[in-house]
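*Asks:* Fold the following, please.
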Amino acid sequence: MPMSVIHRPLISELDEDKVLSLMDTLKSNENYITDDTVPAIDVLWVVGKNPNNNYYYSFGGCHRHEAHKRLGLNTIKAKIIKTTPEQIRLYLGSSTPEFL
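*Replies:* Modelled structure (predicted):
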């Protein structure tokens, strides 16, 4: 999944050693996309009121996401979970966007 489409609205509390370890794993395993060395992150997918608008949210996998970001990787393995705006509201409360 393209890193650029994933919204991460909550601030991550990172363990620097975990991020660095994941970066080492990713650098040493060029085929990480096709194996299970680094598990996929869960990404919640919401279709907007306009069915052409898609929104992707990730609330977990912060160390994996950060390692990919620091390495400048454009994609990350993701498990896409279709969800509703109401379910996103459970995480974001009144900060939930309108999903146009």
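*Asks:* Would you mind measuring from the residue at minimal distance from the centre of the chain to Asn50?
*Replies:* Nearest to the geometric centre of the chain sits Ser58, at 4.1 Å (Cα atoms, centre = their mean). Applying Cβ to Cβ, to the nearest Å, the value for Ser58 to Asn50 is 22 Å. Every residue, glycine included, has its C-beta placed from N, CA and C.
*Asks:* pLDDT score for Lys27?
*Replies:* Model confidence at Lys27, expressed as pLDDT, equals 88.
*Asks:* That one belongs to a helix?
*Replies:* Yes - under DSSP: H, G, I helix; E, B strand; the rest coil, Lys27 falls within a helix.
*Asks:* residue contacts, it?
*Replies:* Leu71 (Cβ atoms under 8 Å, 6 or more residues apart in numbering).
*Asks:* Could you tell me the end-to-end distance of stretch 77-86?
*Replies:* 25 Å (Cα to Cα, to the nearest Å).
*Asks:* gap between that stretch and the chain center?
*Replies:* 10 Å (Cα atoms, centre = their mean, to the nearest Å).
*Asks:* Number the residues from 33 up from this point.
*Replies:* Renumbered: residue one is now 33, and that last one reads stretch 109-118.
*Asks:* pLDDT of it, averaged?
*Replies:* 96.
*Asks:* what sits up against it?
*Replies:* 33, 38, 64-65, 70-79, 88, 90, 128, 131.
*Asks:* Just the buried positions in that stretch, please.
*Replies:* 109-110, 115, 117 (16 or more other Cβ atoms under 10 Å).
*Asks:* Can you pick out the ones from these that are in helices?
*Replies:* Pro117 (DSSP state H).
*Asks:* ok, back up a step: does the residue nearest to the centre of the chain really touch Arg96, like I thought?
*Replies:* No - assessed by Cβ atoms under 8 Å, Ser90 is found out of contact with Arg96, at 9.4 Å.
*Asks:* Done for today, thanks.
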